[in-house]
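**Student:** This is a predicted model, with the sequence first.
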Amino acid sequence: MSRGRVRAVFFDVGGTLIHPWPSVGDIYAGVARRHGLTASPQQMETAFRKSWAALKRPGLTVSRKDWWRELVYRVLGQEHEACFEELFERFARAEAWRIYPDVEETLRDARARGWHVGVITNWDERLRPLLGEIGLASRFDSLTVSCEIGVEKPGEAIFLAALQTAGVSASEAGHVGDSYLEDVRGAEAAGMRAVLVNRAGKNPSDGACVCALGESLDLMVG
């Protein structure tokens, strides 16, 4: 397939545009302490990552509240509904997140190029109000969210839905994200350009890869 000129760029959200603050482990440990549980931020971070790896398998979705409930129960070691509800609400608010320093300039650059600027992300119903509260919602022409589409990345349908919304073909669009499987492989399978933003320097990639978000735009047209 020949590559047309770029008319649209889409971004993943978590790990690409925003990140938990000060960390997932800190937030979990703080909530746990308020409910009489004792654990360090590092213990919570490790437990979260192990639980995420165990639950995030093909066919399962992070776009449901029940999925997050099971993850929290695994992290805390037993059922703690009050902790879960507080954590679910906490991550819906801007105070639990920070925007990466290179995001605003990158979005302005994409807009200055005359591109449609959108989001393609695996998220639940908390995303739209969160982006509004954190001040990013107005930066995008479209938001394509897995809980609304019914398919998560790397599924082709979520990318095709974003393209349809933007009114562009796959050869005219690119996607930037921090997951090689979900963002790079998923977008490429849908016929789009793809760039991995590798902030931690740990993700494998056999394609375009950057450490700073702003570098991704030039790779789209390279």
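**Tutor:** Yes, it's here. Numbers count the residues shown, from 1 in each chain.
**Student:** use CA for all of it now, contacts and neighbours both
**Tutor:** Will do.
**Student:** dump the residue contacts of the closest residue to residue 196 other than its chain neighbours.
**Tutor:** In space, and not counting its chain neighbours, residue 196 is closest to residue 209: 4.6 Å by C-alpha to C-alpha, 6 or more residues apart in numbering. Residue 209 is in contact with 195, 196, 197, 198, 216, counting by C-alpha atoms under 8 Å, 6 or more residues apart in numbering.
**Student:** Which members of the residues you listed occur in strands, if any?
**Tutor:** 195, 196, 197 (DSSP state E).
**Student:** Save these as CSV, and put in neighbour count too.
**Tutor:** Shown next, in CSV, are those (neighbours: other C-alpha atoms under 10 Å):
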residue, neighbour count
195, 29
196, 28
197, 28
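**Student:** closest to residue 43 among those?
**Tutor:** residue 197 (27.0 Å; C-alpha to C-alpha).
**Student:** The closest one touches residue 180, doesn't it?
**Tutor:** No - counting by C-alpha atoms under 8 Å, residue 197 does not reach residue 180; the two are 9.1 Å apart.
**Student:** Just the CA coordinates for the lengthiest helix in the chain, please, in PDB.
**Tutor:** Ranked by number of residues, the top helix in the chain under DSSP state H is helix 41-55. Extracted in PDB, the C-alpha atoms of helix 41-55 (Å, rounded to 0.1, in the frame of the first residue of the first chain):
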ATOM      1  CA  PRO A  41       4.700   1.900  47.700                       C
ATOM      2  CA  GLN A  42       7.300  -0.400  46.300                       C
ATOM      3  CA  GLN A  43       5.300  -3.500  47.500                       C
ATOM      4  CA  MET A  44       2.200  -2.100  45.900                       C
ATOM      5  CA  GLU A  45       3.900  -1.200  42.700                       C
ATOM      6  CA  THR A  46       5.300  -4.700  42.400                       C
ATOM      7  CA  ALA A  47       2.000  -6.300  43.200                       C
ATOM      8  CA  PHE A  48       0.200  -4.100  40.700                       C
ATOM      9  CA  ARG A  49       2.600  -5.000  37.900                       C
ATOM     10  CA  LYS A  50       2.300  -8.700  38.600                       C
ATOM     11  CA  SER A  51      -1.400  -8.600  38.800                       C
ATOM     12  CA  TRP A  52      -1.600  -6.500  35.600                       C
ATOM     13  CA  ALA A  53       0.500  -9.100  33.800                       C
ATOM     14  CA  ALA A  54      -1.600 -11.900  35.100                       C
ATOM     15  CA  LEU A  55      -4.900 -10.300  34.000                       C
END
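**Student:** buried residues in it?
**Tutor:** Residues of helix 41-55 classed as buried by neighbour count (16 or more other C-alpha atoms under 10 Å): 41, 44, 45, 47, 48, 51, 52, 55.
**Student:** what's the answer for stretch 157-174, then?
**Tutor:** By neighbour count on 16+ other C-alpha under 10 Å, the buried set for stretch 157-174 is 157-163, 166, 168-174.
**Student:** mind listing what the helix or strand of the chain with the lowest mean pLDDT pairs with, with the direction of each?
**Tutor:** Every helix and strand of the chain was ranked by mean pLDDT, DSSP states H and E. The lowest is strand 209-210, at a mean of 88. Here strand 209-210 has these sheet partners by DSSP bridges: strand 193-197 (parallel).
**Student:** which residues make contact with the strand it pairs with from outside it?
**Tutor:** 16, 170-171, 173-180, 183-185, 187-188, 205, 207-213, 216, 219-220.
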